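> Requesting a structural model of the entry that follows:
(2 chains)
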2 protein chains.
Amino acid sequence: MNTIDAFVATQRERILAELKELLAIPSISTDAQHGPECRRAATWLEQHLRGLGCSVELVGSATHPVVIGEGPTVANRPTVLVYGHYDVQPPEPLEAWASPPFEPTEREGNLYARGATDDKGQVLALLKAYEAVSRHGEPPVNVRFLLEGQEESGGQILAAVLDDRPGLLRSDVVLIADGPYYAPGWPAIEVGVRGICYAEIVVRTLEGDLHSGLYGGVAPNALEALAQVLAALKTAGGRIRIPGLYDLVRRPSATERASWRRLPFSATRFRRDEVRARALTGDARYSVHERLWALPTLDVHGITGGFVGEGMKTVIPAEARAKVSLRLVPDQRAETVFRQLGRAVRAAAPGYARVEVRSLANADPVLVNTRHPAFRHLDRAFREVEGRGLVFTRSGGSLPILPTLGRAGAPVLLAGIGLPDDGLHAPNEKFSIAQLTKGIRIFARFFDAYGKDPSRSEEVA
Amino acid sequence: MNTIDAFVATQRERILAELKELLAIPSISTDAQHGPECRRAATWLEQHLRGLGCSVELVGSATHPVVIGEGPTVANRPTVLVYGHYDVQPPEPLEAWASPPFEPTEREGNLYARGATDDKGQVLALLKAYEAVSRHGEPPVNVRFLLEGQEESGGQILAAVLDDRPGLLRSDVVLIADGPYYAPGWPAIEVGVRGICYAEIVVRTLEGDLHSGLYGGVAPNALEALAQVLAALKTAGGRIRIPGLYDLVRRPSATERASWRRLPFSATRFRRDEVRARALTGDARYSVHERLWALPTLDVHGITGGFVGEGMKTVIPAEARAKVSLRLVPDQRAETVFRQLGRAVRAAAPGYARVEVRSLANADPVLVNTRHPAFRHLDRAFREVEGRGLVFTRSGGSLPILPTLGRAGAPVLLAGIGLPDDGLHAPNEKFSIAQLTKGIRIFARFFDAYGKDPSRSEEVA
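As a prediction, this is how the structure comes out:
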């Protein structure tokens, strides 16, 4: 057993206790009321990073600060920028949880809690990997942790900090663990990360709500107009009906598509056991992987308007809103897609409706350079621990900050250690404890090997 | 001057003082805190009815009792059931009132107070009409007053009392004054009261919410499916696309339609000043009145599903719900329409969606028999006092208690004496004193003439 594996084997219980402490903090960033809890998670990380020998700053916000942790500088060693986030999604619906979302609970080799896999558990694996390789002397790499507290609600704070201090991005590689394996035993790296165009559609038809008993039949109904708009945005065959949307979509190479066909994948099992739906949607002329990874997608996330309480109210709503987003692929541009969406919405709206489309977030898609040495070291680390190297995928879990992180030119390696059934954003989110310990062993190997041989250029198999 | 008109002329000041007493009681039924005030209004009516020679009971509730007043029984005279309510809407926003809502104030021939037109002023007109025809001897009709204290907040108390004592509904005609003229000088009667089919549509596409970054493009979205269903339920021209829905719709008679065309009505002003919309909806082949009163309508009242909080969440919702209702016209049957709606929803739903349609309320439409002698006497009474007979309208503001009041078979005559600008439910509610005195003269004439000749069958002009 090497020293890395020995560290993980002997420190397992302490590491789990640390993760439970972090998970017990309800650092929900989508709700301003939880600001103090977000701050508490940041402070926890600050203290933890100091314990690892890092100098730490909390910047950008009193309630949702970016935690910047810098390890000791070692000459002639590459710098790894590690990104992660300590904020989490809201836990609702609470009644669907088998154990309370902020009381981390072990069951059958998993740790259940909001944020377990997204992203606190994966952040902790990176911290512990760094601990494993740095606790007995000089660390093999220069590390800079950038841990943000607002990933689930826009990331504007980190974006502003990075605009202010571009030097924070100076590094040889950016490493992120915020996502799942392709399948158990199949670690994956996102060589393409979809962008996003998140918008709110607001429809108004009246100056104020009216009574349907008095005005039904002639007064225009905002929810009805909104339903018409949303229904018009896709064909029955699942193609998005936004003129110009597909113009800049670059088809993945034949090699990449061939690699996807080799993946252990059954569309039937995927539909039945993972998506758990009667049928999959989308343009059936393309493979499921191509629809998931290489084509733009459109989803409606929420609708508000009218009466949503118990019982009955016969109101004709004057206003209705929908939150929608498009996932974008190379070479689409988020700003362009936002304008295309606006035009399509206005064209689909009935004449009696006033519509407005507001941008909530825009992020361009990214493609990674798979020939970079860091990429190869990471692949080898996975190969050693997992027995299988990295599968090339293009997810779209879309970290909107991704293009920003790559702005200084370093390749961005997004290789999560979660599992596909972790239930991120859903009730009963969990993180496999085996994945946690493997993740620590993998990332520690990566730090070690990449630090010692930063220009290695052996071909990935 | 006949004795009725002499009564009104000589007693005007006393009648106004009585109405002011009743209006000064803040009998707001939507707020449980005002229970004692509602009780006080009921007690005021109890004493007043006793003064008119009625025997009185307060039943069904300690705080919001139904006041039942029975006049002396006279052999061979018809029984008129008079319905009204003594509870009022909350007065907020208080700062919008020119004089305090519970300090009745005369200005320019109007009496301003919460409840002035809805419904205390109109109830008092009926009480005073009965006083006018009964104070000097045997009343011309047997009268039963049913005055409830919970009309503005559901009416369950009266409904329970009537379930318990169906004999209270036994009468020859039901008379209600709780609404406005069509326009000043244009008294109106609701000859058709629309029914309703209120339902909830539930769409499920997944076992649980999914992350659009991971599953967007292939996972079926419940809100999207719901939008498709709702959009499919109407044509762009505003016709409801529910097979069979129009089969039982009885077109109003040519006479009725002609009477609507004579109404003082401008579709442009109605759209601009009353509906306040860019355009009116509905099938343009039919007049606005026909769309409002004689065709079924469909409205979406509320949609739930997905994420509706502040900010962004990239969820693919597994479930979505819409509350919808159809207003029904003769000879549609609510149960049939509910089944037709269910079939149309299922047909419109994409194959990947499971849909369920739940009934929340069904009420059949009611059409008044305009050949009933009571109808003709009432029309004549209006004609004598107002110089113009009753305009046939078919509202759908639908007093929900209406079908119950008609359950024993008596025709329900809903002919209010308010004016369209009375501002019911709004600040500065008022009642025209001229309408009050005319109303007393009209209803007194009706009691007198109908009592003396209950089988009259002269044709209405």
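> Would you agree A:Ala408 is in contact with A:Leu169?
Yes. Counting by Cβ atoms under 8 Å, A:Leu169 is a contact partner of A:Ala408 at 3.8 Å. (C-beta placed from N, C-alpha, C; glycine too.)
> Please say which of those two ends up with more neighbours.
A:Leu169 (18 against 15; other Cβ atoms under 10 Å in any protein chain shown).
> and A:Met413, that's in a helix?
I think there's a mix-up here, since residue A:413 is Leu and not Met. No. Per DSSP: H, G, I helix; E, B strand; the rest coil, A:Leu413 lies outside any helix segment and is strand.
> Helix, strand or coil: sort out the spatially closest residue to it that is not a sequence neighbour for me.
In space, and not counting its chain neighbours, A:Leu413 is closest to A:Leu175: 5.2 Å by Cβ to Cβ, 6 or more residues apart in numbering or on different chains. Look at A:Leu175: counting by three-state DSSP, its state is strand.
> Need the per-residue pLDDT for A:Leu175.
The model reports A:Leu175 with a pLDDT of 96.
> likewise A:Ala363?
Residue-level pLDDT assigned to A:Ala363 equals 86.
> wait, isn't it in contact with A:Gln332?
No. Counting by Cβ under 8 Å, A:Ala363 stays clear of A:Gln332, with 10.8 Å between them.
> shared neighbours of these two, anything?
A:Gly195 (Cβ atoms under 8 Å, 6 or more residues apart in numbering or on different chains).
> can you give me the helices for the stretch 201-350 of chain A?
Counting by DSSP state H, counting those that start in this stretch, the stretch 201-350 of chain A has these helices, from start to end: A:212-215, A:222-232, A:254-262, A:267-269, A:288-293, A:334-348.
> Tell me which residues touch A:Val174, please.
A:80-83, A:405-406, A:410-413.
> mind running it again at 7 Å?
A:81, A:83, A:405-406, A:410, A:412-413 (Cβ atoms under 7 Å, 6 or more residues apart in numbering or on different chains).
> give me the beta-bridge partners of it?
Counting by DSSP bridges, A:Val174 is bridged to A:Leu81, A:Val412.
> if we can go back for a sec, go through the helices of the stretch 201-350 of chain A and pick out the most buried.
The highest average neighbour count among the helices of the stretch 201-350 of chain A, using mean count of other Cβ atoms under 10 Å in any protein chain shown, belongs to helix A:222-232 at a mean of 26.
> And the contacts of that helix?
So helix A:222-232 is contacted by A:201, A:203-205, A:241, A:300, A:303, A:305-306, A:317-320, A:322, A:345, A:348-350, A:353, A:355, B:224, B:227-228, B:230-231, B:234, B:300, B:303 (Cβ under 7 Å, 6+ apart).
> Where strands are concerned, which of those residues count?
Using DSSP state E, A:201, A:203-204, A:300, A:303, A:319-320, A:322, A:355, B:300, B:303 are the members of those that sit in strands.
> ok, of those, which one's closest to B:Asn369?
B:Val300 (34.2 Å; Cβ to Cβ).
> With pLDDT, distance to A:Tyr181 and neighbour count as added columns, please give the contacts of A:Val174 in TSV.
Shown next, in TSV, are the contacts of A:Val174 (pLDDT from 0 to 100; distance: Cβ to Cβ, whole Å; neighbours: other Cβ atoms under 10 Å in any protein chain shown):
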residue	pLDDT	distance to A:Tyr181	neighbour count
A:Leu81	98	23	22
A:Tyr83	97	19	26
A:Leu405	90	22	22
A:Gly406	86	23	18
A:Ala410	91	24	21
A:Val412	90	18	23
A:Leu413	92	15	24
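> Contact residues of the stretch 101-250 of chain A facing chain B?
A:153-154, A:198, A:205-207, A:210-221, A:223-224, A:227-228, A:230-231 (Cβ under 7 Å from any Cβ of the partner chain).
> can you give me the helices in the stretch 51-200 of chain A?
A:121-134, A:156-164.
> By mean pLDDT, show me the worst of the ones you listed.
Of all the helices of the stretch 51-200 of chain A, helix A:156-164 has the smallest average pLDDT, which comes to a mean of 94.
> Next up, the contacts around A:Tyr215.
Counted by Cβ under 7 Å, 6+ apart, A:Tyr215 has contacts A:316, B:275.
> what do you get if the cut-off is 10 Å, keeping everything else the same?
Residues near A:Tyr215 by Cβ atoms under 10 Å, 6 or more residues apart in numbering or on different chains: A:206, A:209, A:221, A:316, B:270, B:274-275, B:277, B:280-281, B:292, B:297, B:299, B:396-397.
> mind listing what A:Phe382 touches?
Here A:Phe382 is in contact with A:181, A:186-189, A:388-391, A:415, A:417, A:438-439, A:442-443, A:445-446 (criterion: Cβ under 10 Å, 6+ apart).
> one more time with 6 Å
A:Phe382 makes contact with A:187, A:389-390, A:442, according to Cβ atoms under 6 Å, 6 or more residues apart in numbering or on different chains.
> Nearest residue to it in space, please, no chain neighbours.
Nearest non-adjacent residue to A:Phe382 (Cβ to Cβ, 6+ apart): A:Pro187, at 4.5 Å.
> Okay, the residue nearest to A:Leu413 and A:Ala129: tell me how far apart.
10 Å (Cβ to Cβ, to the nearest Å).
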